[in-house]
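Chemist: let's see this in three dimensions:
(chains A and B)
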Amino acid sequence: DTGVSQNPRHKITKRGQNVTFRCDPISEHNRLYWYRQTLGQGPEFLTYFQNEAQLEKSRLLSDRFSAERPKGSFSTLEIQRTEQGDSAMYLCASSLGGAASYEQYFGPGTRLTVT
Amino acid sequence: AQSVTQPDIHITVSEGASLELRCNYSYGATPYLFWYVQSPGQGLQLLLKYFSGDTLVQGIKGFEAEFKRSQSSFNLRKPSVHWSDAAEYFCAVGMTTDSWGKFQFGAGTQVVVTP
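Modeler: I've put the predicted structure just below:
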């Protein structure tokens, strides 16, 4: 297993455009998490899935942010009508359930720049 | 409110010297505690974790950390630093009142290793 992968690694977009990021977790992991990391800060939790169910999304930053995991495997994070403040690194992580949910494996991230 | 404080934003250490990174947390219950490392262009990698039991935990790459309940601290140490240890280090608290792997991360400490 090659670990958690994220695509694209870098995305430059103009303000007002929509962007979508993809995360492929470790295959046997049923939990998947999205985080945002801004410069000089640690990751900030956004949302998470158990299989295809999105169990926590209150931390999504606004209604412009949405995430899906339609078949319980890969996930997408979409940002609509991007703003300059959305520029950040978006990290995905996956884990098994139970206490192992704290042993999260992170992908390399997608760096978003909004111009 | 829960919080994680890493007092040192930046540390410079000579190769071969010892390293200690500080982490203090504020949480109403006994948390799960973690240290992650992030190298440029890489995702976060778990160095070590504390759930319960022995308060001195060993991790990968020669790192160890000690949980001190009375001080609400979980400091990371390495006896002899290698140039490859240059990276950003994040302390994280797992909220044990949640069952699904929610973390609060510190802001990180950037470690620079000089020859």
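Chemist: ok now the worst-scoring helix or strand of chain B on mean pLDDT, how far from the chain's centre?
Modeler: Ranking every helix and strand in chain B by mean pLDDT, DSSP states H and E puts strand B:103-105 at the bottom, with a mean of 88. On the basis of Cα atoms, centre = their mean, to the nearest Å, strand B:103-105 is displaced by 11 Å from the centre of the chain it belongs to.
Chemist: likewise for stretch B:95-110?
Modeler: Remark: stretch B:95-110 is offset 11 Å from the chain centroid, using Cα atoms, centre = their mean.
Chemist: show me what from chain B comes close to chain A.
Modeler: Residues of chain B that fall close to chain A, judged by Cβ under 8 Å from any Cβ of the partner chain: B:4, B:9, B:32, B:34, B:36, B:41-46, B:49, B:51, B:90, B:92, B:94, B:99-103, B:105-108. All C-beta atoms are positioned from the backbone trio N, CA, C, and that covers glycine.
Chemist: separation between residue A:4 and residue B:14?
Modeler: Counting by Cβ to Cβ, to the nearest Å, the gap from residue A:4 to residue B:14 is 34 Å.
Chemist: so which of those two has more stuff around it?
Modeler: With neighbours defined as other Cβ atoms under 10 Å in any protein chain shown, residue A:4 and residue B:14 compare such that residue A:4 has more, 24 against 11.
Chemist: which residue packs closest to that one, ignoring adjacent ones?
Modeler: residue A:107 (3.7 Å; Cβ to Cβ, 6 or more residues apart in numbering or on different chains).
Chemist: the helix or strand of chain A with the lowest mean pLDDT and chain B, any residue contact?
Modeler: Between all helices and strands in chain A, the lowest mean by mean pLDDT, DSSP H and E belongs to strand A:53-56, at a mean of 85. Yes - interface with chain B: strand A:53-56 contributes A:55-56 (Cβ under 8 Å from any Cβ).
Chemist: that strand: partners in the sheet, and parallel or antiparallel?
Modeler: strand A:44-50 (antiparallel) (DSSP bridges).
Chemist: chain center to the partner strand: distance?
Modeler: Centroid separation for strand A:44-50 versus its chain: 8 Å, with Cα atoms, centre = their mean.
Chemist: buried sites along it?
Modeler: A:44-50 (16 or more other Cβ atoms under 10 Å in any protein chain shown).
Chemist: let me see the mean pLDDT of that strand.
Modeler: Mean pLDDT, strand A:44-50: 91.
Chemist: ok, now stretch A:3-21?
Modeler: On average, the pLDDT along stretch A:3-21 is 96.
Chemist: what residues does it touch?
Modeler: With contact meaning Cβ atoms under 8 Å, 6 or more residues apart in numbering or on different chains, stretch A:3-21 is reached by A:22-26, A:76-84, A:90-94, A:105-115, B:43.
Chemist: tell me the bridge partners for the residue nearest in space to the middle of chain B.
Modeler: Residue closest to the average C-alpha location in chain B (Cα atoms, centre = their mean): residue B:35, at 3.3 Å. Here residue B:35 sits in beta bridges with residue B:48, residue B:91, as judged by DSSP bridges.
Chemist: do I have it right that it meets residue B:57?
Modeler: No - between residue B:35 and residue B:57 there is no contact under Cβ atoms under 8 Å: 9.2 Å.
Chemist: between the two, which contacts overlap?
Modeler: Between them, residue B:35 and residue B:57 share the contacting residues B:48-49, B:65, judged by Cβ under 8 Å, 6+ apart.
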